[in-house]
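Peer 1: With the sequence up front, the predicted model follows.
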Amino acid sequence: MLNDALDSTAATLARLLEQRRPGPALAETGTVIHVGHGVAMVDGLPGVQALELVEFPDGLFGLAFNLDPEQVGVVLLGAGD
């Protein structure tokens, strides 16, 4: 009886995993206003959170740190490719 319940549960989980389709990833797009001294000032990221990883189109990454209502300061983590 326990084996039947486990088999049924495993079959249900397998079926649900097969049916799962990833949805679209939501992303905000901002505009770099200024870059200097390892910091990019970015406009247009209203949902960004402190210390959230920000990816730039050229493969460069940064961490959001200054969350002003108008602009976000992003500390750049290194040179892009």
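Peer 2: Great, that's in hand. Residues are numbered from 1 along each chain as shown.

Peer 1: and for the helix or strand containing Ala10, what are the contacting residues?
Peer 2: For Ala10, the host element (DSSP states H and E) is helix 2-19. The contact list for helix 2-19 (CB atoms under 8 Å, 6 or more residues apart in numbering) is empty. Every C-beta, even on glycine, is put in place using the N, C-alpha and C of the backbone.

Peer 1: Against which helices or strands is the host helix or strand of Val35 packed?
Peer 2: Assigning secondary structure by DSSP H and E places Val35 in strand 31-36. Applying 3 or more CB pairs under 8 Å, 6 or more residues apart in numbering; DSSP states H and E, one finds that strand 31-36 makes contact with strand 39-43.

Peer 1: partners of the strand it packs on in the sheet?
Peer 2: If you go by DSSP bridges, strand 39-43 pairs up with strand 31-36 (antiparallel), strand 72-76 (antiparallel).

Peer 1: what about this structure, any weak spots by pLDDT?
Peer 2: Scanning the chain for pLDDT under 70 picks out 22-26, 79-81.

Peer 1: try 90
Peer 2: Applying pLDDT under 90 to the chain flags residues 1-28, 46-47, 57-59, 66-70, 78-81.

Peer 1: quick one: the helix holding Ala10 to chain centroid distance?
Peer 2: In terms of CA atoms, centre = their mean, to the nearest Å, the centre of helix 2-19 is found 32 Å from the chain centre.

Peer 1: hang on, the earlier thing: for the strand holding Val35, give me every contacting residue.
Peer 2: Contact with strand 31-36 is made by 40-44, 56, 71, 76, as judged by CB under 8 Å, 6+ apart.

Peer 1: so which of those is the most crowded?
Peer 2: Sorting the contacts of strand 31-36 by how many neighbours each has (other CB atoms under 10 Å) puts Val42 first, at 24 neighbours.

Peer 1: Surely that one and Leu76 touch.
Peer 2: No - contact criterion CB atoms under 8 Å: Val42 and Leu76 do not qualify, at 10.9 Å.
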